[in-house]
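*Asks:* what shape does this take:
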Amino acid sequence: MSKPENNLPKQTVLLVGGAMRSGTTVIHRALCTASNSNPYISESWFLHELFILFERNMRRFEVRHQDQFGERAEFARLINLNLNYYVEMVSARYGNPAVLIFKHPELTGHFITIKQLAPEMKFLVIVRDPRDVIASIKAVNARHAETGTWSPHGTLSSMKQFCEYYASYYNTVFAQRADFGSNLMFVRYEDVVSNPVKTFAHISAFSGATYADDAMTKFTDEHAQAKNFQKDLRLKDPLSGAYWSEMYTKDLSTERIGSYAQSLAASDVEEIQTRLSGFGKSFRYW
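*Replies:* Here you go, the predicted structure:
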């Protein structure tokens, strides 16, 4: 694919990803306490949908689009124009901060594609103990089942499926991590909540975002205004409400580390540690 033109603002654009239920929301909240970033904003659903569209249509380009665009690079250029305009529009809304921070877990698998379109973007990937993540997904599935609500992971049943689902968020970025150069950083949820000041110093060096003292650990009055953090509103929607976590409206805390022990059977834990052995060892979870 030839490189489309890139007209992104002269600022650092940071995309935050990682598996669902890996703490991306509370970490995104904390990241946006930087003195030179945008405030906390909701997940970037536009980018999520844009890159689903891109991936789906590139797979069928010859049948669907070749007579309209001619070359794949021209279709990529159209996507890039939408990417640029979105970034510019959101940036302007928040005074064109030095660091513009977006987040959506489902973008993680598209990070390499976004890197090709916007080489200067930086990518922060959150990882969390897969045992805790899988236990949390199972709890969400149970809440969806109670209300008869469909979700994309609601059909997962065996521990094999849960492990594959967890790994699917990271497979592409792991396989192609060398292609990101210095624009990719992994950070463990556990390090963020256990030692936030030290961890955010590393994030600051990577992204250019500036953090003061322990401000990133606090849930603030400004955060409370975000619709995403209004529990009553979230619970009105059975799909969104099932994802609600009490941690959203608390200061950063270690209280959920190891919470899987309260809900996963020993046999499930053993299977996760076997199936995700390489991942767990790489990130020092077992």
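*Asks:* can I get the CA coordinates of stretch 141-151 in CSV?
*Replies:* Coordinates of each C-alpha in stretch 141-151 appear next as CSV, following Å, rounded to 0.1, in the frame of the first residue of the first chain:
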residue,chain,number,x,y,z
ASN,A,141,-21.9,-11.9,30.0
ALA,A,142,-23.9,-13.0,33.0
ARG,A,143,-25.4,-9.5,33.3
HIS,A,144,-26.3,-9.5,29.6
ALA,A,145,-27.8,-13.0,29.9
GLU,A,146,-30.1,-11.8,32.8
THR,A,147,-31.5,-9.0,30.5
GLY,A,148,-31.5,-11.1,27.3
THR,A,149,-29.1,-8.6,25.8
TRP,A,150,-26.9,-9.5,22.8
SER,A,151,-23.2,-8.7,23.0
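*Asks:* could you list the buried residues of it?
*Replies:* Neighbour counts over stretch 141-151 (16 or more other CB atoms under 10 Å) mark 141, 143-144, 149, 151 as buried. (Each C-beta comes from the backbone N, C-alpha and C, glycine too.)
*Asks:* ranges for the strands of the chain?
*Replies:* Assigned by DSSP state E, the strands in the chain fall at 12-18, 99-103, 122-127, 184-188.
*Asks:* quick one: closest of those to A226.
*Replies:* Of all these, strand 99-103 sits nearest to A226, with 12.7 Å by CB to CB.
*Asks:* where does the prediction get shaky in the stretch 101-250 of the chain?
*Replies:* Scanning the stretch 101-250 of the chain for pLDDT under 70 picks out no residues.
*Asks:* show me the helices in it, by range?
*Replies:* In the stretch 101-250 of the chain, the helices defined using DSSP state H, counting those that start in this stretch lie at 111-117, 130-147, 159-168, 171-175, 189-194, 196-207, 221-224, 231-235, 238-241.
*Asks:* before we move on, the earlier item: could you dump the strands of the chain into a markdown table with mean neighbour count and distance to Y165 added?
*Replies:* Output for the strands of the chain, formatted as a markdown table (neighbours: other CB atoms under 10 Å; distance: least, CB to CB, whole Å):
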| stretch | mean neighbour count | distance to Y165 |
| --- | --- | --- |
| strand 12-18 | 24 | 13 |
| strand 99-103 | 23 | 20 |
| strand 122-127 | 23 | 15 |
| strand 184-188 | 18 | 19 |
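*Asks:* and L83, how many residues sit next to it?
*Replies:* One way to gauge burial is a neighbour count; for L83, by other CB atoms under 10 Å, it gives 24.
*Asks:* you'd agree it is up against L53?
*Replies:* No - shown here, L83 and L53 do not form a contact pair, counting by CB atoms under 8 Å, at 11.6 Å.
*Asks:* re earlier: now, which of the buried residues of stretch 141-151 sits nearest S42?
*Replies:* Closest to S42 out of the buried residues of stretch 141-151 is S151 (18.5 Å), distances taken as CB to CB.
*Asks:* which residue, neighbours along the chain excluded, lies closest to the closest one?
*Replies:* Nearest in space to S151, with sequence neighbours left out and distances taken as CB to CB, 6 or more residues apart in numbering, is H144 at 4.9 Å.
*Asks:* thinking again about what came up before, would TSV of the strands of the chain with distance to A265 be doable?
*Replies:* Compiled in TSV, those are given as follows (distance: least, CB to CB, whole Å):
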stretch	distance to A265
strand 12-18	26
strand 99-103	32
strand 122-127	24
strand 184-188	25
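*Asks:* for those, which one sits closest to A76?
*Replies:* Of all the strands of the chain, strand 12-18 comes closest under CB to CB, at 17.7 Å.
*Asks:* that closest one pairs with which strands?
*Replies:* As defined by DSSP bridges, the strand partners of strand 12-18 come to strand 99-103 (parallel), strand 122-127 (parallel).
*Asks:* give me the angle between the longest one and strand 184-188.
*Replies:* To tie it back to what came earlier, the one meant is strand 122-127. Here strand 122-127 runs at 30 degrees with respect to strand 184-188, directions being taken by axes from the mean of the first three to the mean of the last three CA atoms, to 10 degrees.
*Asks:* residues making contact with strand 122-127?
*Replies:* By CB atoms under 8 Å, 6 or more residues apart in numbering, the residues outside strand 122-127 that reach it are 12-19, 22-24, 27, 31, 108, 111, 114-115, 170, 173, 180, 183-189, 192, 203, 206-207, 283.
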